[in-house]
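Peer 1: Quick one: sequence plus predicted model below, questions after.
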Amino acid sequence: MKKLFIALGVIFVLLVLAVFIVPFLIPVETYKTEILAQVKQATGREARIDGDFKLSILPSVKFVAGKVSFANAPGGKAAQMVTLDRLTVKVALFPLIGGNIEIDAFVLQKPVINLEVDASGKPNWQFGATAKKGDSGAPEKSAPSSESGGSGLEGLKLGDVRLVDGLVSYRDARSGEAQRISGINLTVSLPSLDSPMKADGSLVWNKEKIALLLGLSNPNAFLAGKKTDINTRIEAAPVKFTFKGSAAQAGKIKADGDLDLDVPSIRKLASWVGAKLDAPGSGYGPLKIAGKVDVNGNRYAFRDAKLSVDAITGAGEVAFDGGGRKPVITGKLTLGMLDVNPYLPPEGKAATPQATPKPVGGTARGGKSPGASDWSDD
């Protein structure tokens, strides 16, 4: 037994010495070369680090890389699929040895991501078959999750996790569709999986700034299939959407809570999303919808709903069940008085009076000639 303890002590000392000494014996450039080689082997594309490169192990595992780039697919419009000014990753060492992940910092500064689909329909984020296959050639199914969520991230803690001034572009060579999202900023806070998680950020799309918020009171409970409070908000000048309730991930999403949608102008919202509304009249102004949402897998329900479009108000409910052979939709809607005048074209100017030919065969009922354009007041 004494020899066993001595052997364990020697191994421990050697490990400690390796942690302290090896980083000083092996040049940092060697690590850099190996990392880039592994990226090339895994994806088939070149990666570069043209800025500063730092790697340290104590007191935390810290990785810093500047001017990082990752090549686009052959024939892509952009030279690089991904570029970023600086990447900083810092992970606590001793919790990592114990199987827990404590990310003290994960910061992406000015990332630029160019997503493209070529003329044949192949996306540039597809790097080939990466799924493991069994003897049958089909992808192997992942192991079922455990009762505690099965995520393997029970010890996950997030410190300074940020995305700073990012940009994402999308281009489809088949349809010519192009989209661009800029000014992406995101901060994620997660002291532990049993503590409230908060993701707060913003982005710019079609010249409008969109504020984003996601709050989850207990991520671990959510992953384990237990309901936990959730708070979501998407807000921009043309639209505001909020959801407050509870949700769980138990093989299928379960959620219920209060939904609120507020659109100051339907016309402006349609124009913003690229579907300009040229309908006549002065209608299609404010839209408001509020009610209770219930989601259980492929069954959705929206109850106690209240809505208003311009001066028209209504209430009702709708349910969708996609679990059967054929989808089933049920619903009812009660509306107040309908005023359609705002949706009609404006009345044209009165026509210039013209001489009316004398009627043949007398006059029509009401004393008006058959050629008169007036409808009966009845």
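Peer 2: That came through, no problem. Only a predicted model underlies this, so the values are computations on that prediction, with no experimental measurement involved.
Peer 1: So, low pLDDT: which residues of the stretch 251-378 of the chain?
Peer 2: Judged by pLDDT under 70, the stretch 251-378 of the chain has its weakly predicted residues at 348-378.
Peer 1: quick one, strands of it?
Peer 2: 253-263, 287-296, 299-309, 312-321, 328-335 (DSSP state E, counting those that start in this stretch).
Peer 1: What strands flank the shortest one, and is each parallel or antiparallel?
Peer 2: Strands adjacent to strand 328-335 in the sheet, as given by DSSP bridges, are strand 312-321 (antiparallel).
Peer 1: what angle sits between the partner strand and strand 299-309?
Peer 2: Comparing the axes of strand 312-321 and strand 299-309 via axes from the mean of the first three to the mean of the last three Cα atoms, to 10 degrees yields an angle of 170 degrees.
Peer 1: hmm, back to that, right, so of the strands of the stretch 251-378 of the chain, which gets closest to Lys227?
Peer 2: strand 253-263 (6.9 Å; Cβ to Cβ). For every residue, glycine as well, the C-beta is placed using N, CA and C.
Peer 1: elements contacting that closest one?
Peer 2: Packed against strand 253-263 by the contact rule (3 or more Cβ pairs under 8 Å, 6 or more residues apart in numbering; DSSP states H and E) you find strand 239-249, strand 287-296.
Peer 1: Rebuild those as a markdown table, extending it with mean neighbour count and distance to Ala105.
Peer 2: Below are the helices and strands packed on strand 253-263 laid out as a markdown table (neighbours: other Cβ atoms under 10 Å; distance: least, Cβ to Cβ, whole Å):
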| stretch | mean neighbour count | distance to Ala105 |
| --- | --- | --- |
| strand 239-249 | 17 | 27 |
| strand 287-296 | 16 | 35 |
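Peer 1: Including distance to Ala270, could those go into JSON lines?
Peer 2: Shown next, in JSON lines, are the helices and strands packed on strand 253-263 (distance: least, Cβ to Cβ, whole Å):
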{"stretch": "strand 239-249", "distance to Ala270": "11"}
{"stretch": "strand 287-296", "distance to Ala270": "11"}
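Peer 1: To Ala37, which of these lies closest?
Peer 2: Of all the helices and strands packed on strand 253-263, strand 239-249 comes closest under Cβ to Cβ, at 37.0 Å.
Peer 1: Do a quick rundown of the helices in the stretch 151-300 of the chain.
Peer 2: 219-223, 266-272 (DSSP state H, counting those that start in this stretch).
Peer 1: Tell me which of those helices is the most buried.
Peer 2: Neighbour counts (mean count of other Cβ atoms under 10 Å) averaged over each of these peak at helix 219-223, with a mean of 21.
Peer 1: From the contact counts, what lies against that helix?
Peer 2: Using 3+ Cβ pairs under 8 Å, 6+ apart, helix 219-223 is in contact with strand 228-236, strand 239-249.
Peer 1: I'd like those as TSV, with mean pLDDT and distance to Gly316 appended.
Peer 2: Output for the helices and strands packed on helix 219-223, formatted as TSV (pLDDT from 0 to 100; distance: least, Cβ to Cβ, whole Å):
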stretch	mean pLDDT	distance to Gly316
strand 228-236	96	24
strand 239-249	95	19
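Peer 1: To Glu116, which of the ones you listed lies closest?
Peer 2: Taking Cβ to Cβ, strand 228-236 is the member of those nearest to Glu116, at 26.4 Å.
Peer 1: so Asn114 makes contact with Gln80?
Peer 2: Yes. The pair Asn114 / Gln80 is scored as a contact, 6.9 Å apart, by Cβ atoms under 8 Å.
Peer 1: Mind listing the shared neighbours of the two?
Peer 2: Asn72 (Cβ atoms under 8 Å, 6 or more residues apart in numbering).
Peer 1: what's in contact with the strand ranked longest in the chain?
Peer 2: Counting residues, the longest strand found in the chain (DSSP state E) is strand 157-172. Contacts to strand 157-172, defined as Cβ under 8 Å, 6+ apart, come from residues 77-78, 90, 95, 100-117, 177-192, 201.
Peer 1: Buried ones in stretch 199-211, by neighbour count?
Peer 2: Buried residues in stretch 199-211, counted by 16 or more other Cβ atoms under 10 Å: Ala199, Gly201, Leu203, Val204, Trp205, Ile210.
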